[in-house]
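**Q** how would this look folded up:
(chains A, B, C and D)
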Number of protein chains: 2
Amino acid sequence: MSRPKARVSMADVARLAGVSSQTVSRVSTGHPGVVGSTRQQVLAAMKQLGYRPNSAARALKSGQFRTIGVILFSFSSTGNSRTLEAIATHAAQEGYAITLIPVAVPTQDSVVGAFTRLGELAVDGVIVIMEVHLLDSATVTLPPHVQVVVVDSDAGDRYAVVDTDQADGARQAVDHLLGLGHRTVWHVAGPAESFAAERRAQAWRDTLTGAGRQVPEPLRGDWSAESGYQAGLVLADRPDCTAVFAANDQMALGVLRALHERGRAVPGEVSVVGFDDIADATSFIPPLTTVHQDFAEVGRRCVQGILRQLDSGETAPGTTLVPTRLVIRASTAPPPAR
Amino acid sequence: MSRPKARVSMADVARLAGVSSQTVSRVSTGHPGVVGSTRQQVLAAMKQLGYRPNSAARALKSGQFRTIGVILFSFSSTGNSRTLEAIATHAAQEGYAITLIPVAVPTQDSVVGAFTRLGELAVDGVIVIMEVHLLDSATVTLPPHVQVVVVDSDAGDRYAVVDTDQADGARQAVDHLLGLGHRTVWHVAGPAESFAAERRAQAWRDTLTGAGRQVPEPLRGDWSAESGYQAGLVLADRPDCTAVFAANDQMALGVLRALHERGRAVPGEVSVVGFDDIADATSFIPPLTTVHQDFAEVGRRCVQGILRQLDSGETAPGTTLVPTRLVIRASTAPPPAR
DNA sequence: GAGCGAGATGTTTACGTAAACATCGCCGAG
DNA sequence: CTCGGCGATGTTTACGTAAACATCTCGCTC
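**A** Predicted coordinates for the structure are as follows:
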């Protein structure tokens, strides 16, 4: 039980099993060419000594770490956390570990810093969950052997990009509201730096224009419920506003509260649609109609993409879109009769 | 620009700078005993070649990975994500990387699996964010050189434990409600497996008992807003229920919705207090009075604890409590006059 | 001015693994 | 019956780094 020395190496196992360390290596890596009886012997010795491969030595020899780095700016958005979870789960299934590279402030400097550190990090590939234009503005040179996949970006020409089909989701939301009879739809947009926010806003605008509707001036939030509340106060005072599309569920929550405080009934007088379908959305007052994002699928495809690039050894630019779907709950209804 | 060969090693830098590789090593690790001019020369050569230390070789030689593993069961709880974020940030500041070890299902098997993998993982220490009794039930042998810190657990006698002061938070919540004049306080508890849930429930019970109040039968949820809604429906039908303490904010959200649907005014007829102080709590209808948890501080102390153990080389059992504080918003008020 | 010590730098070695190459023994074809 | 060949196993070597030890060069003291 009490191993007096430090950790056991292949040599120790080899000695006990009466074979060469190379044979132990073969058993350990699952290589063929070891006969059953020998294998059993080695396995027994491993177990007895509590042998654990030394990943550092393994990585040094093989040049691979079997680790994927994830650079992300904020955990606070539900989407990031859920995507990260899916990435971690799928990476684990493939025998890869995940190394977290948090970027505290999304300034150019800190992003460069993160990528510089990256070169020293034990990582085969990187998944970037953040606006990539921050990377571009910085003269960042990625370590040549590190592969990259980006989430939430328009850099599909240079990197492999995985993203939710933001545009189609926004279109579904607006179409739903127009279909209910609303004359137009107001929008509470996300921050201008966010590519996702811009895509949703653009699709909202395009859909209205395509339907020949008037496009109101969008209000801008920062994804937080509080910013949604501020926007909601403005909208609540506009009697002509009967339908609101918020760029995420948290801002929708703020809008709901503002409307409630101002005494405007949802969905009786004003309809509200969100984006994300966070778990809590079913318990908003009223339960929120929103666009469901499949974060798990996004994470899955990220890992898939990285592994493919790692196998082939070459980057595979292009954008993969994960479909969205509108989930209709109780926050939308036809506009009030005039 | 185009390096024809693979990555550069110390030997390459040494050759270009006209020094030995050991001198390069000294510069790279910041060791003293290298005169200024030599150092400059080496630094220049490093930059020209784009040298990056190979962390695998470094780890192999030094026996340290400068990496902390984080085992967590669920990302979905806000607390876990926020704690993880703080851990990642502080670890990065100390020059440590974070490796994520997700445990998909909290069964004994998968936990054992995670800890088995751990032995092969390039990790100096581990922070466990999850109920530790799952570890106990399994005959898990931690790799001897790996240090452990646990969050949300009562295993302070065997491990270093960092936790929020759950009991005091619950006490503050209950005292606040009693202070407003409520005769007693109902409780929507978290799942029985959760140590945090149990501690909050126990403190709720103790505080009521200590004040000589009647202790109603607690309702049990699973942390989700939906489960809070179900509990809320039950409570809404009890006219004697004027104050509810929910074990987290999401369940409180569900309670609010149930009360709203049943036409019971908050806080006019029923007061509600949550736990966590998630960002959205300010935008609930009405804004939620809740117990604020300092997740960032929890993360900070976890990293601190691991590093201290890593330095000293010995485990330091004991529990560190991070204080909580009640944030009073608009969901609590004196009970209705009878 | 000789010797000594301290600081700067170079040389050797080992960390644990796995690829490449070497060897050994056995079986079947001719 | 002999030899080629192949499968199983052993031996050598290199991965990139940093600790330990060796050497070398000064400047200073007596």
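**Q** who touches the longest helix along chain A?
**A** Under DSSP state H, the helix in chain A containing the largest number of residues is helix A:295-312. Helix A:295-312 has contacts (Cβ atoms under 8 Å, 6 or more residues apart in numbering or on different chains) with A:68, A:79, A:82-91, A:94, A:96, A:124-127, A:147, A:149, A:151, A:160, A:162-164, A:315-316, A:320, A:322. C-betas here are computed from N, CA, C, even on glycine.
**Q** could I get the contacting residues of the closest residue to residue A:17 other than its chain neighbours?
**A** Spatially, and ignoring its direct neighbours in sequence, residue A:17 is nearest to residue A:45 (3.8 Å; Cβ to Cβ, 6 or more residues apart in numbering or on different chains). When contacts are counted by Cβ under 8 Å, 6+ apart, residue A:45 touches A:13, A:14, A:16, A:17, A:24, A:51.
**Q** can I get those in CSV with neighbour count?
**A** Listed next are the contacts of residue A:45 as CSV, based on neighbours: other Cβ atoms under 10 Å in any protein chain shown:
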residue, neighbour count
A:13, 27
A:14, 18
A:16, 18
A:17, 23
A:24, 26
A:51, 21
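**Q** just the ones in strands from those residues, please.
**A** Counting by DSSP state E, no part of these is found in strands.
**Q** check these against DNA strand C, which are close?
**A** Counting by Cβ under 7 Å from any atom of the strand, nothing from the contacts of residue A:45 sits close to DNA strand C.
**Q** mind putting those residues in CSV, pLDDT included?
**A** Shown next, in CSV, are those (pLDDT from 0 to 100):
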residue, pLDDT
A:13, 91
A:14, 91
A:16, 91
A:17, 90
A:24, 91
A:51, 88
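**Q** report the buried members of the contacts of helix A:295-312.
**A** Among the contacts of helix A:295-312, those buried by neighbour count (16 or more other Cβ atoms under 10 Å in any protein chain shown) are A:68, A:79, A:82-91, A:96, A:124-127, A:147, A:149, A:151, A:160, A:162-164, A:320, A:322.
**Q** from the residues you listed, which land in strands?
**A** Reading strands off the buried ones among the contacts of helix A:295-312 with DSSP E, I get A:68, A:125-127, A:147, A:149, A:151, A:160, A:162-164, A:320, A:322.
**Q** pLDDT averaged over stretch A:290-309 - what is it?
**A** What stretch A:290-309 shows for mean pLDDT is 95.
**Q** mind listing what's buried along it?
**A** Those would be A:290-307, A:309, for stretch A:290-309 by 16+ other Cβ under 10 Å.
**Q** show me the domain layout of chain A.
**A** A:10-53, A:65-163+A:295-319, A:166-294 (automatic domain parsing).
**Q** now the stretch 151-300 of chain A against DNA strand C: closest residue?
**A** The stretch 151-300 of chain A approaches DNA strand C most closely through residue A:160 (26.9 Å), counting by Cβ to the nearest atom of the strand.
**Q** list the contacts of that residue.
**A** Residue A:160 neighbours (Cβ under 8 Å, 6+ apart): A:148, A:149, A:150, A:305, A:309, A:315, A:316, A:317, A:318, A:320.
**Q** my guess is the last one contacts residue A:163, does it?
**A** In other words, residue A:320. Yes: here residue A:320 reaches residue A:163: they are 7.3 Å apart, a contact under Cβ atoms under 8 Å.
**Q** confidence score at the most centrally placed residue in chain A?
**A** In chain A, the residue lying closest to the centroid (Cα atoms, centre = their mean) is residue A:83, at 3.4 Å. On pLDDT, residue A:83 comes in at 92.
**Q** run through the bridge partners of the nearest residue to residue A:320 once chain neighbours are set aside.
**A** Spatially, and ignoring its direct neighbours in sequence, residue A:320 is nearest to residue A:162 (4.8 Å; Cβ to Cβ, 6+ apart). Residue A:162 forms beta bridges with residue A:151, residue A:320, as assigned by DSSP bridges.
**Q** residue A:162 and residue A:316 touch, don't they?
**A** No: using Cβ under 8 Å as the test, residue A:162 is too far from residue A:316 to be in contact (11.4 Å).
**Q** taking the stretch 101-250 of chain A, what residue is nearest to DNA strand D?
**A** Closest point on the stretch 101-250 of chain A to DNA strand D, by Cβ to the nearest atom of the strand, is residue A:120, at 9.1 Å.
**Q** what parts of chain A come near DNA strand C?
**A** A:6-7, A:9-11, A:21-22, A:25, A:28-29, A:31, A:53-54, A:57-58, A:60-62.
**Q** and chain B, which of those reach it?
**A** A:6, A:7, A:53, A:54, A:57, A:60 (Cβ under 8 Å from any Cβ of the partner chain).
**Q** select only the buried ones of those residues in PyMOL?
**A** Here is the PyMOL command that selects only those of those that count as buried (16+ other Cβ under 10 Å):
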select buried, chain A and resi 7+53+54+60
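**Q** follow-up on the earlier one: how near is the residue nearest to residue A:320 to residue B:271?
**A** 46 Å (Cβ to Cβ, to the nearest Å).
**Q** export the ones in strands among the buried ones among the contacts of helix A:295-312 to a markdown table and tack on distance to residue B:200 and pLDDT?
**A** What follows is those, written out as a markdown table (distance: Cβ to Cβ, whole Å; pLDDT from 0 to 100):
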| residue | distance to residue B:200 | pLDDT |
| --- | --- | --- |
| A:68 | 37 | 93 |
| A:125 | 42 | 90 |
| A:126 | 40 | 90 |
| A:127 | 36 | 92 |
| A:147 | 45 | 83 |
| A:149 | 41 | 89 |
| A:151 | 36 | 88 |
| A:160 | 45 | 91 |
| A:162 | 39 | 93 |
| A:163 | 39 | 90 |
| A:164 | 36 | 93 |
| A:320 | 43 | 94 |
| A:322 | 38 | 96 |
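**Q** any regions of chain A where pLDDT drops low?
**A** A:1-6, A:104-116, A:119, A:131-145, A:338 (pLDDT under 70).
**Q** strands of that one, start to end?
**A** Counting by DSSP E, the strands of chain A are A:67-72, A:97-102, A:125-129, A:147-151, A:160-164, A:186-189, A:219-220, A:243-246, A:271-276, A:289-292, A:318-322, A:325-327.
**Q** how about the helices of the stretch 1-150 of chain A, start to end?
**A** A:10-17, A:21-29, A:36-49, A:55-62, A:78-93, A:108-120, A:133-137 (DSSP state H, counting those that start in this stretch).
**Q** nearest to residue B:221 among the ones you listed would be which one?
**A** helix A:78-93 (19.8 Å; Cβ to Cβ).
**Q** name the helices or strands packed onto that closest one?
**A** Applying 3 or more Cβ pairs under 8 Å, 6 or more residues apart in numbering or on different chains; DSSP states H and E, we find helix A:78-93 packed against strand A:67-72, strand A:97-102, strand A:125-129, helix A:295-312, strand B:97-102.
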